[in-house]
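> Give me a model of this one.
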Amino acid sequence: MTTTDWLYENFDPAGSAIGYRVTRKLDEVQSPFQKIEIYESTDWGNVMLIDGAMMVTTRDNFLYHEMMSHPALFTHPDPKQVVIIGGGDCGTLREVLRHSGVEHAVQCDIDEQVTRMAEKYFPELCESNNDPRAEILFDDGIAWMKNAAPGSLDIVIVDSTDPVGPAEGLFNRSFFESCFRALKDDGILVQQSESPLVLLELIQAMRAEMGKAGFDSFQTLPFPQPCYPTGWWSCTLARKGGRGFEFREADAAAKTFETQYYSADIHKAAQVLPPFVAKALDAD
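Below you'll find the model as predicted:
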């Protein structure tokens, strides 16, 4: 690598690529599950790749982590028991634990090396790892959810990579059935749901699998995410029992912690889908 070079992720489904100007490779490890690389960039801080796919940068990770956590936590009436499946960089765990009412948050990621790399190169994401309410496990999240006690959880957040490799089993009916069973009657499932611009069919299929598992209310929230293909990403919330997605707007507006992207107004705005997305999802 020269003094500065360009690092690209080619995204064949969209015929596009994401690129960053980098100065050096900081680290690389081949875990039993995937290859993890860390680069130093000129403008975006450190960059983590997993199997060649951009996962997180210092500069823009807050967009994803805040939207994967706060909309669900402010929608649930009183979230106390939260589980994060995946999320090895620990950023979503940090955001969940900003909520003082959360009593216990489990993070279950199959690959310990992701967390070890995050601790070294993204320490700001790991600042809540020693919170007494946090429990960090390195295990199979699919098996963990199967064994979770029925009706024991308020929120399940699936902070996974794309639905290939280790994460492939996190997007199907069987896994969603485990989540449905483990959630309380007012529980919420959150799944990262890819780009609504070029992967809308995947979102439709994912919501259909959630429906087969028993969920009957869905809400997909788009948000910007420059380091992911197309720069526009989403999360999808699912509930059971016909419960809707009105959120505790006053609590969100009066939150006692700082966020860089999420706010009560951003939450309201994200609920308004562009017509082409709304039309596609209304038809599913």
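> going forward, measure contacts and count neighbours with C-alpha atoms only.
Will do.
> Please enumerate the helices of the stretch 1-150 of the chain.
Here the stretch 1-150 of the chain has its helices, by DSSP state H, counting those that start in this stretch, at 61-75, 91-96, 112-121, 141-147.
> closest to residue 103 out of those helices?
Among these, helix 91-96 comes nearest to residue 103, with 10.4 Å by Cα to Cα.
> Could you check that closest one and say which residues are buried?
91-96 (16 or more other Cα atoms under 10 Å).
> Which element, helix or strand, includes residue 157?
Assigned by DSSP states H and E, residue 157 falls within strand 153-159.
> mind listing the strands for the chain?
Remark: strands assigned in the chain by DSSP state E are 5-11, 16-30, 35-41, 46-50, 53-57, 81-86, 104-109, 134-138, 153-159, 183-192, 217-224, 232-239.
> Other residues contacting the last one?
For strand 232-239, the external contacting residues (Cα atoms under 8 Å, 6 or more residues apart in numbering) are 67-68, 72, 186-197, 210, 215-226.
> And for the first one?
Contacts with strand 5-11, where a contact means Cα under 8 Å, 6+ apart, come from 16-23, 52-54, 229.
> can I get the buried residues of helix 91-96 in TSV with distance to residue 238 and pLDDT?
Putting the buried residues of helix 91-96 into TSV (distance: Cα to Cα, whole Å; pLDDT from 0 to 100) gives the following:
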residue	distance to residue 238	pLDDT
91	22	98
92	18	98
93	20	98
94	22	98
95	20	98
96	18	98
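> Report the inter-axis angle for the strand holding residue 157 versus helix 61-75.
Interaxial angle, strand 153-159 versus helix 61-75 (axes from the mean of the first three to the mean of the last three Cα atoms, to 10 degrees): 160 degrees.
> Of all the strands of the chain, which one comes closest to residue 262?
Of the strands of the chain, nearest to residue 262 by Cα to Cα is strand 217-224, at 10.0 Å.
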